[in-house]
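1. What follows is a predicted structure for the sequence shown.
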Amino acid sequence: MRSTVTIATRGSKLALWQAEHIKGLLQDHYPGLEVRLTIIKTSGDKIQDVPLAKVGGKGLFVKEIEEALLAGQADLAVHSMKDVPAGLPEGLTMGVMPVRDDPADCLLSKVAGDLESLPRGCRVGTSSLRRRTQVLATRPDVLIEPLRGNLDTRVRKLEEGRFEAIIVASVGLKRLGLGGKYASRLEPSKFMPAVGQGALGIEHRSDDQELASVLNFLNHQESATAITAERSYLHRLEGGCQVPIGGHATVEGGRVDLRGFVADTEGKRLIVRNGRDTAAKAAELGRRLAEDILEAGGREILQEVYSAELNSPGARS
């Protein structure tokens, strides 16, 4: 077995926590294994003042890391699965899925304990169209303002009074020990998370069978099955950061329950569907649920949103 493994990671506190977490698990399981971290600055890290939907979407957080893997500069990468596009580059695989953590979003606010209690006209910070549309569907009277930056930066902006509330992933708060004193968890059954939220994925070159064997002990099958259903659903919708799409799967007793939605950017039209099937048919379930949503009006919503994006002043060629 190899004596050294190199992990490619972003340099944010949360990304480093994730990489160090996997490093620790590897070294505990293989005493004597040297695990190195190499920090790569992605386009998503460099562009902090523009919503992701305007500059290319979630792939901005993984592109340079995947290039490093393909070039042999690193052996593996640890990703937040919500940041990974539905399709992977040729030559790479998401071979291992550790046990999933909390997938829920969280409301952070010093002035209210939940969405319903927010003051009229208050400023809610998020650059996620998925979060924006769900907030406006419940509270069309609040102001949604863009909020970018690493998690600790976003929490600091709330504490500085720039927003009355912000919405972030619960798992990030947990991992960095932030925001507990004014955090309110948003139940996934009512406020749908991003596809893959709360899950880590370990990506490596497809032809590295030795590394695949080394990593296999980390895989959690139920988590992998849930993410398979969610990502199959997202892939069929051809969804990215440009459109409000949510999806969440749970696995119990060999059965997968999947819930998803597509909405317009103002939260006026939400199409929600549920599906259930065996774990062996997780990918098929995801595709089927996406088809149900498309046939129920989701196709028209997606076409409208993408058309508006292409014709906006800031659209990229």
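-> Arrived safely, thanks for sending. Numbers count the residues shown, from 1 in each chain.

2. Now do the contacts for K13.
-> N150, L151, D152, L176 (Cβ atoms under 8 Å, 6 or more residues apart in numbering). In short, each C-beta sits where N, CA and C put it, glycine included.

3. Just the buried residues of those residues.
-> The neighbour count (16 or more other Cβ atoms under 10 Å) marks N150, L151, L176 as buried among the contacts of K13.

4. Look up how far V168 lies from the first one.
-> When distances are taken as Cβ to Cβ, to the nearest Å, N150 and V168 turn out to be 11 Å apart.

5. ok, back up a step: need the contacts of K13 in JSON lines (columns: secondary structure).
-> As requested, the contacts of K13 are exported to JSON lines (DSSP: H, G, I helix; E, B strand; the rest coil):
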{"residue": "N150", "secondary structure": "coil"}
{"residue": "L151", "secondary structure": "helix"}
{"residue": "D152", "secondary structure": "helix"}
{"residue": "L176", "secondary structure": "helix"}
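
6. Would you agree D101 is in contact with G196?
-> No - contact criterion Cβ atoms under 8 Å: D101 and G196 do not qualify, at 11.5 Å.

7. These two: which is more packed in?
-> Neighbour count, other Cβ atoms under 10 Å: between D101 and G196, G196 has more, with 28 against 17.

8. can you give me the strands for this structure?
-> Remark: strands assigned in the chain by DSSP state E are 4-9, 34-39, 76-80, 92-96, 105-109, 123-125, 143-145, 165-169, 183-186, 200-205, 245-252, 255-263, 270-278.

9. Relative to the whole chain's centre, how far out is the fifth one?
-> Right, the one you point to is strand 105-109. Put simply, strand 105-109 sits 16 Å off its chain's centre (Cα atoms, centre = their mean, to the nearest Å).

10. cool, and the first one?
-> If you compare the mean C-alpha spot of strand 4-9 with that of the full chain, they lie 22 Å apart, counting by Cα atoms, centre = their mean.

11. Just the buried residues of that strand, please?
-> Neighbour counts over strand 4-9 (16+ other Cβ under 10 Å) mark V5, T6, I7, A8, T9 as buried.

12. The last one and S80: what is the separation?
-> Taking Cβ to Cβ as the criterion, T9 is separated from S80 by 11 Å.

13. Spit out the residues that contact these two alike.
-> Joint contacts of T9 and S80 (Cβ under 8 Å, 6+ apart) are A15, Q18.

14. Could you state which residue of this structure sits nearest its centroid?
-> For the chain, the residue sitting closest to the mean C-alpha position, by Cα atoms, centre = their mean, is K82 at 1.7 Å.

15. In contact with that one, which residues?
-> K58, A169, P193, A194, V195, G196, Q197, G198, A199.

16. ok, 6 Å please
-> K82 makes contact with A194, G196, Q197, according to Cβ atoms under 6 Å, 6 or more residues apart in numbering.

17. for L270, same thing?
-> L270 sits next to A137, F261, A263 when contact means Cβ under 6 Å, 6+ apart.

18. again with L294
-> The contact partners of L294, taken as Cβ under 6 Å, 6+ apart, number zero.

19. any idea how far it is from I301?
-> Look at L294 and I301: by Cβ to Cβ, they are 9 Å apart.

20. V35 too?
-> For V35 relative to I301 (Cβ to Cβ), the value is 45 Å.

21. now H29
-> Counting by Cβ to Cβ, the separation of H29 from I301 is 46 Å.

22. Same check on L200?
-> 31 Å.

23. Okay, domains of the protein per the record?
-> When the chain is parsed with automatic domain parsing, its domains come out as 1-98+199-219, 105-186, 220-311.

24. any low-confidence regions in the stretch 51-200 of the chain?
-> Applying pLDDT under 70 to the stretch 51-200 of the chain picks out residues 51-60, 179-180.

25. Show me the helices in it, by range?
-> For the stretch 51-200 of the chain, the helices defined by DSSP state H, counting those that start in this stretch cover 52-55, 63-70, 129-138, 151-159, 170-176.
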